[in-house]
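Asks: just need the structure, nothing else, for what follows:
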Amino acid sequence: MKLGFHIGYWSSGPPEGALETIKTAEDLGFDSLWTAEGYGSDALTPLAWWGSATTRIKLGTNIVQMSARTPTAVGMSAMTLDHLSGGRFVLGLGASGPQVVEGWYGQPYPRPLARTREYIDIVRQVVARKEPVTCDGDFFQLPLQGGTGLGKALKPTVHPLREEIPIYLAAEGPKNVALSAEICDGWLPLFFSPKSDGFYRAALEEGFARPGARRSFSDFEVAASVPVIVHDDVEAAADLIRPSLALYIGGMGAKSVNFHHDVFARMGYADVADKVQDLYLAGHKKEATAAIPTSLIEDTSLIGPAAKIREELAAWEETVVSTILLRGNAATLRSVADALS
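Replies: Below is the predicted model of the structure:
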């Protein structure tokens, strides 16, 4: 199983010691480095800035939000970063949720799967540079219909370093996971648990079985963000993760639409997820955090003494996950690398 470093998106400002941690990840032999975006820092600028200090590690976005940019703009960025990195770029895309899509970007959210199909098709056309880019879809028209009538189908001026750049899709629901297997080169799960492996394996198999699917289990990447904390006290380690889980389960989405909440409900924690959401949305964030049991954290994380983590890692190695994405500073990465070795 490979290791990656997920620096994520910024909170109030750039994370302290980011460059040192990135260099440490590369020195330790980590396979990949990933950035993210929400509604603050973007994913592409930090990846280019910090990635320029690396020479080997893959540079990925986890994720670029599709509603933030047109597919041709993302194709341009992908080609540019692929050239600048010497062919190390991986494009991770995601639909995000209606709160961000409609509230921050002012774009419609309905039918995200169909929109994703069109989006990725256009990105692949841009990168391949075989013909002028066209699309006559429900969401995208290239050239635009009903405009001045002067629009022209174009090819990018830049020739690609690679005619295919790996595209991974962030997905939590079974239909979106199946879509990733059908049209992408990898899947970026969040809050994965070995206990849910059968559920996700079935969704991936459905996608691989569809006509025209690009990959199979043998050459498909699954890079999962997994909290790993080496600590003699399991409860103390769990306390470091609880606030983030409370935010995602309780506050990252509306009461009626929260995909993160749904993940834990499917995992068997429906009552916990409901309680956390109710408390969080009512403004009781401390109580919401305290309501998360350690068992839930252990199902989706690797925490505790190094021996415990090594023992539990065996279950992860039997799943569809091929890469574990870690967070933390340089010292954290060293301790985790030692624990997992």
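Asks: quick one: residues in contact with stretch 262-273.
Replies: Identification of contacts with stretch 262-273 by Cβ atoms under 8 Å, 6 or more residues apart in numbering yields 172-173, 190-191, 193, 195-196, 199, 249, 261, 274, 291-293, 296, 299-300. (Glycine included, C-beta is placed from N, CA and C.)
Asks: of these, just the buried ones, ChimeraX syntax please.
Replies: Here is the ChimeraX command that selects the buried residues among the contacts of stretch 262-273 (16 or more other Cβ atoms under 10 Å):
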select :172,190,191,193,196,249,261,274,291,292,296,299,300
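Asks: so which of the contacts of stretch 262-273 sit within helices?
Replies: 199, 261, 274, 296, 299, 300 (DSSP state H).
Asks: tell me how far the third one lies from residue 245.
Replies: I take that to be residue 274. To residue 245, residue 274 is 14 Å away according to Cβ to Cβ, to the nearest Å.
Asks: was I right about residue 54 contacting residue 33?
Replies: Yes - counting by Cβ atoms under 8 Å, residue 54 does reach residue 33; the two are 6.9 Å apart.
Asks: just want to know which of these two has more residues nearby.
Replies: Each of residue 54 and residue 33 has its neighbours counted (other Cβ atoms under 10 Å); residue 33 has more, 26 against 18.
Asks: just say helix, strand or coil for that one.
Replies: strand (DSSP: H, G, I helix; E, B strand; the rest coil).
Asks: where's residue 314, which helix or strand?
Replies: Per DSSP states H and E: residue 314 is located in helix 306-317.
Asks: distance check, residue 222 against residue 116.
Replies: Applying Cβ to Cβ to residue 222 and residue 116 gives a distance of 18 Å.
Asks: ok so residue 286 is a helix residue?
Replies: Yes - with three-state DSSP as the criterion, residue 286 is located in a helix.
Asks: who's in contact with it?
Replies: Neighbours of residue 286 in contact, by Cβ under 8 Å, 6+ apart: none.
Asks: could you report the pLDDT at it?
Replies: pLDDT, residue 286: 96.
Asks: cool, and residue 177?
Replies: Residue 177 is assigned a predicted lDDT (pLDDT) of 97.
Asks: check residue 255 too.
Replies: Note on residue 255: pLDDT of 76.
Asks: next one: residue 301
Replies: 95.
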